[in-house]
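S.K.: compute the structure for the input listed below.
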Amino acid sequence: MTTSRLSLLVVFSVLASVLTGCSAIGDIFKGGIWVGAIAVFVVVALIWWLVTKMGGGGGSSTGGTSV
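M.R.: Residues are numbered from 1 along each chain as shown. The predicted structure is shown next:
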């Protein structure tokens, strides 16, 4: 496992432990619907970013050459 993948795994593990729990969900509901919507968007974007980084950066699959 390379250092970058190990660091991404550590970051993901820390985020998974921090973002869980009833207190985080309670705080989101106290903030209102827009805070919840933004929080969901940020979490989904972060998970998508981590998956693409672990998968090799999301290069094109057309087989063409890149500049």
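
S.K.: look through this protein and tell me its longest helix.
M.R.: Looking across the chain with DSSP state H, the single longest helix is helix 33-54.

S.K.: give me the helices and strands touching it, please.
M.R.: helix 3-18, helix 22-31 (3 or more C-beta pairs under 8 Å, 6 or more residues apart in numbering; DSSP states H and E). Where C-beta positions appear, they are placed from N, C-alpha and C, glycine not excepted.

S.K.: okay, angle between the last one and helix 33-54 too, please.
M.R.: The reference is to helix 22-31. In terms of direction (axes from the mean of the first three to the mean of the last three C-alpha atoms, to 10 degrees), helix 22-31 departs from helix 33-54 by 130 degrees.

S.K.: next, the angle helix 3-18 makes with helix 22-31.
M.R.: Using the same axes, to 10 degrees: helix 22-31 against helix 3-18 is 70 degrees.

S.K.: picking up where we left off before, for Gly55, which of the helices and strands packed on helix 33-54 is the nearest?
M.R.: helix 3-18 (10.5 Å; C-beta to C-beta).

S.K.: and the average pLDDT for that closest one is what?
M.R.: Model confidence over helix 3-18 averages 76 on the pLDDT scale.

S.K.: pull the CA atoms of it into PDB?
M.R.: This file holds the C-alpha atoms of helix 3-18, laid out as PDB (Å, rounded to 0.1, in the frame of the first residue of the first chain):
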ATOM      1  CA  THR A   3       1.800   6.300   1.300                       C
ATOM      2  CA  SER A   4      -0.900   8.300  -0.400                       C
ATOM      3  CA  ARG A   5      -3.400   5.500  -0.200                       C
ATOM      4  CA  LEU A   6      -2.500   4.900   3.400                       C
ATOM      5  CA  SER A   7      -3.000   8.600   4.200                       C
ATOM      6  CA  LEU A   8      -6.400   8.600   2.400                       C
ATOM      7  CA  LEU A   9      -7.400   5.500   4.500                       C
ATOM      8  CA  VAL A  10      -6.400   7.300   7.700                       C
ATOM      9  CA  VAL A  11      -8.300  10.500   6.700                       C
ATOM     10  CA  PHE A  12     -11.400   8.400   5.700                       C
ATOM     11  CA  SER A  13     -11.200   6.500   9.000                       C
ATOM     12  CA  VAL A  14     -11.000   9.700  11.000                       C
ATOM     13  CA  LEU A  15     -13.900  11.300   9.100                       C
ATOM     14  CA  ALA A  16     -16.000   8.100   9.600                       C
ATOM     15  CA  SER A  17     -15.500   8.200  13.300                       C
ATOM     16  CA  VAL A  18     -16.100  12.000  13.600                       C
END
